[in-house]
Every structure is written in structure tokens, then in C-alpha cells.
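In: got a predicted structure plus its sequence, pasted below:
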Number of protein chains: 2
Amino acid sequence: MSTDPTQDPLVIFTPSGKRGRFPVGTPVLTAARQLGVDLDSVCGGRGICSKCQITPSYGEFSKHGVSVADDALSEWNAVEERYDRKRGLKPGRRLGCQATVQRDVVIDVPPESQVHRQVVRKAASTRVITMDPATRLYFVEVQEPDMHEPTGDLERLARALRDEWQVEHVTADVALLGKLQPVLRKGKWQVTVALYHDHRGGPSRLLDIWPGLYEDGIYGLAIDLGSTTIAGHLCDLDTGAVLASSGLMNPQIRFGEDLMSRVSYAMMNPGGDAEMTRAVREALNSLAQELATEAGIAPSAIYEATLVCNPVMHHLALGIDPVELGQAPFALATSDSLTLPAPTLDLSALNVDAQVYILPCIAGHVGADAAAVALSERPDQSDDLVLICDVGTNAEILLGNKSRVLACSSPTGPAFEGAQISSGQRAAPGAIERIEIDPATKEPRFRVIGVDLWSDDDGFDAAVAETGISGICGSGIIEAVAEMRMAGLLDPSGLIGSAEQTGTPRCIADGRTHSYVIHDGTADGGPLISVTQGDIRAIQLAKSALYAGARLLMDEMGVDKVDRVVLAGAFGAHISPKHAMVLGMIPDVALDRVTSAGNAAGTGARIALHNIAARAEIEKVVHTITKVETAIEPKFQEHFVAANAIPHATDPFPQLSAVVPLPKVSFNTGGGGGGDGGGRRRRRRG
Amino acid sequence: MSTDPTQDPLVIFTPSGKRGRFPVGTPVLTAARQLGVDLDSVCGGRGICSKCQITPSYGEFSKHGVSVADDALSEWNAVEERYDRKRGLKPGRRLGCQATVQRDVVIDVPPESQVHRQVVRKAASTRVITMDPATRLYFVEVQEPDMHEPTGDLERLARALRDEWQVEHVTADVALLGKLQPVLRKGKWQVTVALYHDHRGGPSRLLDIWPGLYEDGIYGLAIDLGSTTIAGHLCDLDTGAVLASSGLMNPQIRFGEDLMSRVSYAMMNPGGDAEMTRAVREALNSLAQELATEAGIAPSAIYEATLVCNPVMHHLALGIDPVELGQAPFALATSDSLTLPAPTLDLSALNVDAQVYILPCIAGHVGADAAAVALSERPDQSDDLVLICDVGTNAEILLGNKSRVLACSSPTGPAFEGAQISSGQRAAPGAIERIEIDPATKEPRFRVIGVDLWSDDDGFDAAVAETGISGICGSGIIEAVAEMRMAGLLDPSGLIGSAEQTGTPRCIADGRTHSYVIHDGTADGGPLISVTQGDIRAIQLAKSALYAGARLLMDEMGVDKVDRVVLAGAFGAHISPKHAMVLGMIPDVALDRVTSAGNAAGTGARIALHNIAARAEIEKVVHTITKVETAIEPKFQEHFVAANAIPHATDPFPQLSAVVPLPKVSFNTGGGGGGDGGGRRRRRRG
């Protein structure tokens, strides 16, 4: 177990376990590089960047078969002392580029010193993203110009990047060329550059340059541009940390709530597409600005963005008239992924040299958002048959396993996002997100976002005083409708019973229909929060479209059940599987086989932002996914009509019945009302 | 000599002489393609574009050993008849894609049907440019979209270009994507596209798209951006024809006449560089507009431009502060060639998708203009030692042969362009361009641009009435000064003699110096056109700088004479070799070894515009050219001072003396005047 004096010292890295012998005096960073150990360094070993911090371990390591003496590494040198004085080095830490190997040693590389750090995403799942972003910083020492050895400053910078970092081919935007010369001189020929690497092997693009070592961060934006909501995550491109997440309404809503009304708007109004393009680009700028403010960074430090969206949003964001998406064969102007400079999309809030990567579309109305869901959930790697429903104003639905993946887009309309719902609102403090209705008393209890107590808990009133009770969010309305059905307030056709029929005064008349009152805040000047017959109809349309899409994929796959269901979407993490199934949103499956994936499209955007290889991968995967077009498939209409009932007119739900008894009630007195819900005019693509 | 019925017919193409046997019924275009005969076709053989016109020859061809029968080709078909009715086919012409081979035949491909047409440049030399432009038109038939075979329209267009034209990789600007869908549908899936090919092998860029066959032209602009003059040629990218040529003053002159004063302006005035960038970009737009108007085309039909210029102009055009070019080591921000979208240079007059190719710089102050001269004159391919002087406000000087090429830039100042000359003007109608002074009478005779007669010819006054006599252009001032020296009006130090000393009243007093009157138009309200002592000094500075630069290169090369001299520049074609040598602009050489190359830099820009291979070639050649820096070379100053005398203080001019006797006169009376010309303060880089 002791050092053999005839051999070079043994260096063992943890956690990788990589090991090798190196001559006395070898810097730890050099040893790590030679062994392929993932140890970061921006300054290339000059003792400037402190990214290569390591922790030597001392003592006996029977597992590794070595004993590490106190003098296994060289003593602290002047560089480390200066660094420690100025910035402080954590106890036990050394700079890997300064500490040299003297004897056998075990060296731990802490997570923050790894280039390819792993980032665990916020949601419940255990998925990790390996950091390998397209945009990275490099510290380089550039050769000074020499009258007798002529090359331009850019060419010498490119040579330094090749020699020091093995970056083969570098290009720079003409605007950045103006910055190059003063910065090189200010940094005394030592500069940090941000490079954007092309995952297709094209030249790397110089995004920015700073004198000396740049120590502020560089940031990226992962954007899920939905028909109703635009969600963004601002991420640190070095650590992968999500610094801020936010969403805002898509301002295109004023041109039409669903996609087809926006396409119509473009068709009916000359210049209408350009108007919508302008609106969405402005919103993206606002979002970037807002996220940057929240994170306390300058928006110009955002050097990259990834964008996922459905094809209509895709075309409108790109400034392409979406008219072809309004009619078969739903031809996309372009389906491949795109990498565009931010200014070409008028994203002026971002750094002027920022690059925007837009994931590939699959085909027709199955867009980059579906591709992002596929990248996040990887149905193509699933052993069992998984149905993934990413619920938004359109549902992106994927069904598949290792042998085959199908995808469709189904126009659910914005009801699931709380729009077109009388008391609906976005998921924000004060919104009812959970609800239970007692089957005996028909009395509700609920929880609002921002308060941990249920409404019938002691202290709820005090706790809710700050936020108030302002409305119902998407997951709340799903639970409300499902609970109403379970409590016998709603019949399978979707009719709300009257007070007489249901035996509760909470069912109040509302014209010729009825509403169920969840919370009456009018006495305190607050809102009357109820579920109206219209709300039920909107939810029925939405859930029928979702279910019909799923069934269409199952038909195409030749199956009548799936092994598991993943619910995703802006509020996907919050949907209660039981309630979703009572509603008949998803096919019957054991409740424990329904999981939530959060905003899978947004996660896909984040994965593409943080891992360059994921871009090449999803570009390959999309070509293996078969698109199923709901719009012209007659069976979609059949499935849609049959799915109008709650949970379903014909499909049995054996797994659901086993755990949730649904009362057999009927409130149809033949006297009008809303009993014709399934036949109401329905717009495509919502 | 008769057709052998057992063999396929023999097809012989002229002028290439390529021949081969093809089955009866083979279209001529197909035969040409299989033999590699250069026969154009934009529509890919669909009988639409008429580019593949050929002329069959009939009768006996003993040279080729064939006899061509009248029925050697198929009869006219409906397509040809329709084409002839609509547009007219020249007598004897056939459409190569329609006419099929029936028997042995000799087929001539007329020059206008060749893709790689040869264009003879306007100037006297026999250089030809082979047409192989980076921007070309392609007619393609794109597969219609199909709901079940999903790809975007762009991807299907790219596939058509690959299948029909072997174009491997196509990209499109996002703005063009919006045009793609309507045009494809309007053209019923037949479209013409303009593609810009990257000479480095990158993807080809879609510049524009038209429904059906696009029959209007596409155009390119070759620009020589000089310190004083901006010259442009508007060229047809298909035929290579120069449709319009024009020049305008560089508006940056208001910031400083020579390059160094502009660099100073940028250093002294914050934002001064941006001001100059704006000015030159506006001028480039005006030039494009002006040329397009002259040629009767829309400026938006300009899809490409090539730009050559010196490094200061290069940086200012690119929006880079030229401050580093004001001091050693004269580091360029970038020296490699650049391909930039026109909007990044604010060239809004051009098509929005136009690409601008900027030739590489050599190093320091030896720029893309010198590279263009090298491309035009190819000193690296010369057997004998050639000195090339491209004369402008800076002279680009190249010296070399097959073994080695040297280059420098010398700050001659704008005198050769008629600036800083009291009666100077640009070369335009009314400007004196030729002058002779009788050595006995000291009387001048001259010619003005736009009039064929000499001023002492009968009818001159009538002929000149329209243009008037307005000033002296660059070539005129060179002849004037040289003739004054030959006539004994000017001594070797550059002093103009008085009326008494010279015996002519045309030498008039002008303060303490004298001027020589060439033409007195004041009686008719016209100008007094004279050569002042100040003019002589300006010309002395200019010619000394030119000569000193040439000598410096000769020193570096280790020679004291050259085999031949090429004079180039905006007015290079007009300089009289004898007068240039009397002046001592160029080293002594037999007069018949001095030739004119016209605007060699502009020609280089045209070559790069028309031939994509020339770009790769000049990018290679620039790396083999050794830059010699005049600015910090003490010997340059020595050469400069010695070259101040006319023709030279110390260098003998034996070849010149043999043909031109120069009077030994001296007008220095010791009484002040301008005798100190060589010592006057001189700014670097003019």
C-alpha cells in the first residue's frame, strides 16, 4: 500500500475511478486531461479561472489500494495563495493547474469542477441533463501582431483557439470585428471569448470577446412558445442552473384564441401575419427582459435561446404566413431545425450576437413542441408502450416504444389553460388548484396556490387573506369537473343538475342551465367562483379532442390499451391522474401507471439548450416519428363525438371503475339547456 | 464518310471537338452532358429556357471524317415551333433538349449557349474571364407536398436541387422562407431559384425564387473602393457583359483627403469612424442605384457584389475603427476574405439577400486592392520580372515573377487623381487629357476628353464648344509636368522658370513662384488652366512615393532593374509611358516594355465576380505574396528624397535618355520659392 519509489506516483480520480501514473511534478490538471477526467478549466491552466478546483484525499484507501501521504501534492504556491486571499478557496480545495503530483494520491473532482456537470431538472422525475452547451467560454492567449508575420487579429485569435482549445474553424459577425482589436489590446492579448458551436459541424461562431478572464456568467433562454402561454427558463450556460422561470400570455390571443382563428386572421387581413409576428416577437423580448430582471442579469448576457412551438407559432415567429397550415396537406415552409441570429427574429433584448436554435418540426401540425416532448420523454427509448399527452391549447400526443413512435396534434382549445372558463385564470397565487366535493353533502373544499391549507382547515381564512381567492386554474377546473361528476352533480352527458335534482343550493340557475358555486366571495367584494354549464362544455370539447387524438394513435398502432400514460404540459405536473381519468381525458390505465412530466416541451427546450448532442439526436429522432394527421381523419371525428360523455359514451374504463365509483345520474329533462354539447360547432386547432 | 448503319450515330461538337456515339433519339443536350460539352440549360431540358440552342452543320466534314445528312437531327417538334413563334429562333438554330440525334452529325455550340462563356475585358489586353459565377439560376420541378410523406417545402426544394442539379446543401435566409410557399404554388411547383455557391464548400444559399422560368437577368457589382474614387461595374451574371460602369468621389474626402487623415479623424473624434462608415456605405448605395438606372435594371436585381479596397477603406466599410492601421505594426482586424450579406453592410440598394465577397487583404497597408491587382495581372505567373504600379491615392505596387512576388502600398496622395491640383478635375468630358509643349516655342497643344481633335487642329474650337475646357485630369497633369520638363520650363528640382528664364509669357508670376498657363479661357468666362508650382510639388510628392515604393521592392528583391512595367489605376490605361518615365514615376525600362492594364484592381473585382474558382485562387496566392512595409523602412525615406528630382537625383535613366533628351536647366536663384519641395512635410498614406 505504500508508494513504490521505482515507479511514477499513481493518481486516482474520484468519482470517475480513472487512474494513471505520472512523473513527479505533473500538474493535477494535466494528469486529469491525459486520463480524460472531466475537470473544467477556462483559462487553460494559467491559475486564473479557478474552474479546476480539486480536493485531494489523504490516508489509507483500501478500495483503491493506495495510501496517500500528507505531502502527496506540492505545497501551496504563490498563485494559490493569491487566489485564496482574493477570493477564498474552500477548505481542502486546491487549484488543479497549480498543485503538482509528488506521491500516490486520490483526487476528488467536485461536481462544480466538472465540465459536463449533471443538472437534475426541477420536476419530480429523476431525469438529468448533462451539460455540454453549444455556447461556451474560452480563455486564450493570442499572439501579438508582427509587422513581418502578417495575419489579421481575427486569424491569430482563431489560431490560438485551434492550438489551445482544438476549435478548428471560427467565424465572426462583422459587427463583432469592430470590438476585436480594442479588446485584444485591453486584455494584453489575453481574452475570453464566447463561442457558439454548430452541432452540424459547421464553423464555430464568435459571439463575444472580453479582455482577460471574463467572470460574469453567460446565459441561455429555453422558450416554449404556446398558443396561449409563452413559458421561458433563463439558465446559466455554465452550471445549467435555472435562474428564473416565467410565463406570459401570448399576445396573439387578440387575433384569435386558437390556432385556426389566427390562420384565418392572416388569410382575411392583408399584413395580418406580419402583425402577429410582431406581437409574438415583442412578447419574446418582454419575456427575456422580465426573466433577466428577475435573475438580476443584463439581458445582453443572454447569448443563446432555444425555441419550441407548434407549427403555426413556428411560422409566425419566423415571419412566414401560416396560410398553408390552414388547409390540407398542411405543408410546412420548412421542417428542419434552424439556427438563426437573434436579430433576424427581432429579438433585440438578447445579445446582438445571440443564436436561436429552433427544434425541428415533425410534420403538418405536429411541430417543434412535439419534438421537444419527444426529446424530454424519449418514447423511442421506452420498453413499454407509453402515451404522452402534452396538454395545452393544442395537445401534442405521442404514442410509442422502442419499435415505433406515432405523434399527432389535437386542437383541445385553451380551456385546459383556464381560458374560455368563466372563473378561469392562469396558475398564480389565489387560484384554486385542488378541489374535493363531498359526495354526500355536495360541499366543496379546495386549496389555492400559495396557501398550504385546505379551505376547511383552521386558519385558512387568515392564510388566504394575502392572496385572496381569485379564480380557478387549469388543474383546478379539471378536478372541479371530475369531482362534480363523482359527486353526482354532473351527469355523463355533461349536464349540471339543478338544486332540486342534486339536493344542494350550490347548484344555481343560470338562464336555462345551472352552475355549481365553489366559492362565493361577493360579500367581501370578491368574485363568485363557480363552474358553469358553458365551462363544462368547454372542458368536454377539450378532453374529447385529447382523448380522440390518443385513440387515433392507438388505432394506428393497432392497440386498445397502453402500458402507461405521461401527462405533461404547462400544468401537466399538477393534473391529478384520477381526475383526468374520471373526466375521460386519457385512456383507461392503472392509476399508478399515470405520471406527470411537467412542461415536457419546455424541458426539451432546456435539454437542447444545455446539450449540443441532444440537437443532433432529436433531429435524427424526428425522422423516425410517424405523424398522424387528426384534421382529415374521419375516425378522429367519430372518436371525438364518442368521447364527449364523461368519461366516455362507449369505451369501458375498467381500471377506473375499480377505484372510483361514478354515480349513474341523468339531468336531461328534454327541455333544452346544454345537452347538445357534442354537436356544438367546434373550431379546428385551438 | 457515310454513316455506318451497324453503329450508333456519331455526334461531334464544335468548337470543343468532343465526340461520341449515341443511340438514335438521344437529345443533343443529353449527348452534350454525357461528353462534358459546355452546353447551358437552366430548365434542365424541359424546352422552356432556350439556353441550350445549338447549330447543326450539314454536308461533308473531311476534318472530322463525317458527312452530315439533312435529316441528321429529328424534325422540328411542337416545342421548338412554339418557341420560335413566340420568341423567334435564329436561322439554323435548334433547341438542344428537343432535337434528337438521328444520324452522324456535327453540332456547333454558339458562345452564348456555353455556361462557361469567355468574356473579353474591355481594355486593350487580351485577358479573358471564364464565366463561372458564384450566383447562378436553376430551374427546378419540386415535388408537391403530401400529407403522408412529410417534409417542408424548403426541404423538398433542396431535394429537387440535389436530384436535378447536384447541389448538395442549400440554406435560406429566414426572410426568404416567407416567399417560398406562395411562389412554389404560383409556379405550380416549377420555380427558378438563384443560388449563391460558397467557394469554400459551405452550403449554397438561396437568394431568391420565382414562379416558373425567370427570364429577367441577375446582376453583380464589381466595386473598387478607392480613397478618392469609388468605381463600379454592373455586370450580367449570366453573360458577363458589363452593362454600366461608373465612378463617384469617395465622400469620406470631407474627413480627410488621404488615408492617414481619415485614421486621425477617427482617433480625434469619438464616433468619427462610424461617421465615415456611414458615408461610404451611402456612397456604395448611390453607386449601385446609379449603375442600375444607367443599365435600366432594378437595383434589387443585383444579387452579388465583389469589393476590393485598401485596408483603411476595408475597415471603414466593415464598420471597424481603423485606428490600428495608424501605427505599427499596422494590425488588421481580419485579413481573410469575407462573404457577407448585403444588409450587414447597410447596402440596402442591392437585393436584400445579396452577398458581398470582399477579397482578402495581404497585410498591413497592402490590402484587397493589391490582391485584386495580383488576381488581374498574376505576377506570380510571369516569366520575366514585372513591376506593377496601380496608381491611385495610394499606389499598390507589386514586383515579382514565378519564383517570388513582393508587394507594398505607397502613399502617393490624391494628386494623380487630379485632386490637390489647382486646375485638376476627374476624367470627364472637357478635361485636358493629353498635352504637348513645343520645345522651341514653349507653346502647348492639347486634347480634351470627348473631342478627337488637338487644340491646334482646325475645327477644334467648334468641336470643344459643347464640353468646354474645364481642367486637367490625372493623365493630363502627368503629361503637362513631363512636357514642361522636356521643354525646359521646369528644372530637375521641380522649379518652374519665370517668363524671363524660359522666354515665354505663359510662365506667369504667382506670388514668389511661377505658373505655366496652358489655356486661358477667362475671356469667355472660362477658367484659367495652368500648372502652378504647388501642382508640381504635389506631383513630385506623388511620383517620389511611387518610385520609392518600387525601389524598395527592387532592393528587397535584390535587383536594380525590372524586365517590364505595368501601369494600372483608374487612369492607368491613359498614362503615357514616356511621360511617366520623364517624370520618374517608374524605374528606367525600355518604353515598349511599359504597358497599361487599366483599372487592374477593378478588373480583379470583376474576375472574382465572374469566376468562383478565382476566389479560392487569390486566397491562396495572397499567402505567397511578401508584404514590404514602406512606413517604417528607413530606406523608403532615402528613396523618396532622392526621387524628388525630375526624373531622379541619382538614378540614371539610360533607356529614357536614349529617346528623350532632357534640357539641363536650373531656375533656382537662391531667392526662396518652392525649391525645398523634397523637404516639405509629408503625411503618410495618401
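Out: Yep, it's here. Numbers count the residues shown, from 1 in each chain, chains lettered A, B, ... in the order given.
In: residues touching the residue nearest in space to the middle of chain A, list them.
Out: The C-alpha lying nearest the average C-alpha coordinate of chain A belongs to residue A:602 (CA atoms, centre = their mean; 1.8 Å). Residue A:602 sits next to A:222, A:224, A:231, A:233, A:308, A:372, A:570 when contact means CB atoms under 8 Å, 6 or more residues apart in numbering or on different chains. No exception for glycine: its C-beta is placed from N, CA and C like everyone else's.
In: go on, residue A:418?
Out: By CB under 8 Å, 6+ apart, residue A:418 lies in contact with A:424-427, A:431, A:471-474, A:477.
In: work out the gap between stretch A:512-522 and the centre of the chain.
Out: 36 Å (CA atoms, centre = their mean, to the nearest Å).
In: residues contacting that stretch, please?
Out: The contact list for stretch A:512-522 (CB under 8 Å, 6+ apart) reads A:422-423, A:432, A:435, A:444, A:446, A:455, A:468-469, A:472, A:480, A:484, A:489, A:495-499, A:506-508, A:527-534, A:671-674.
In: looks to me like residue A:80 is in a helix.
Out: Yes - secondary structure assignment places residue A:80 in a helix (DSSP: H, G, I helix; E, B strand; the rest coil).
In: how many neighbours does it have?
Out: Per other CB atoms under 10 Å in any protein chain shown, the neighbour tally for residue A:80 reads 20.
In: for it, list the residues it contacts.
Out: Under the criterion of CB under 8 Å, 6+ apart, the neighbours of residue A:80 are A:47, A:89, A:94-95, A:98-99.
In: for residue A:501, same thing?
Out: Taking CB under 8 Å, 6+ apart as the criterion, residue A:501 is in contact with A:507, A:665, A:667.
In: so the first one touches residue A:498, yeah?
Out: Yes - under the contact definition of CB atoms under 8 Å, residue A:507 touches residue A:498, with a separation of 5.8 Å.
In: more neighbours, these two?
Out: Neighbour comparison, residue A:507 and residue A:498: the larger count goes to residue A:507, with 25 against 17 (by other CB under 10 Å).
In: any idea what the more buried one is bridged to?
Out: Taking DSSP bridges, one finds residue A:516 as the beta-bridge partners of residue A:507.
In: which pLDDT value belongs to it?
Out: What the model reports for residue A:507 is a pLDDT of 96.
In: again with the one 3 residues further on
Out: In this model, residue A:510 is scored at 91, pLDDT.
In: do residue A:685 as well
Out: pLDDT, read off for residue A:685, is 45.
In: same question for residue A:369.
Out: At residue A:369 the predicted local confidence, pLDDT, stands at 95.
In: could you look up the SS state of it?
Out: helix.
In: burial measure for it, as a count.
Out: By the measure other CB under 10 Å, the count of residues near residue A:369 is 32.
In: next one: residue A:636
Out: If we define neighbours as other CB under 10 Å, then residue A:636 has 21 of them.
In: what lies in contact with the strand or helix carrying it?
Out: Assigning secondary structure by DSSP states H and E places residue A:636 in helix A:634-642. Under the contact criterion CB under 8 Å, 6+ apart, helix A:634-642 has outside partners A:544-545, A:547-549, A:551-552, A:555, A:630, A:648-651, A:678, A:682.
In: and the helices in the stretch 201-350 of chain A, which stretches?
Out: Ranges of helices in the stretch 201-350 of chain A, per DSSP state H, counting those that start in this stretch, are A:259-268, A:272-295, A:311-318.
In: so which of those gets nearest chain B?
Out: Proximity of the helices of the stretch 201-350 of chain A to chain B was assessed by CB to the nearest CB; the nearest stretch is helix A:311-318, lying at 5.4 Å.
In: does that closest one reach chain B?
Out: Yes - on the criterion CB under 8 Å from any CB of the partner chain, helix A:311-318 is in touch with chain B at residue A:318.
In: got any ranges where the stretch 51-200 of chain A has weak pLDDT?
Out: Per-residue confidence for the stretch 51-200 of chain A (pLDDT under 70) gives these ranges: A:118-127.
In: for whatever residue of the stretch 451-600 of chain A ends up closest to chain B, pull up the helix or strand it's in.
Out: Closest to chain B within the stretch 451-600 of chain A is residue A:556: 11.8 Å, counting by CB to the nearest CB. Using DSSP H and E, residue A:556 maps to helix A:533-557.
In: starting at the chain centroid, how far to that helix?
Out: Mean C-alpha position of helix A:533-557 versus that of the full chain (CA atoms, centre = their mean) differs by 24 Å.
In: in it, what's buried?
Out: The neighbour-count check on helix A:533-557 (16 or more other CB atoms under 10 Å in any protein chain shown) flags A:533-557 as buried.
In: can you check stretch A:220-230 too?
Out: By neighbour count on 16+ other CB under 10 Å, the buried set for stretch A:220-230 is A:220-230.
In: ok, stretch A:369-386 next?
Out: Residues of stretch A:369-386 classed as buried by neighbour count (16+ other CB under 10 Å): A:369-380, A:382, A:385-386.
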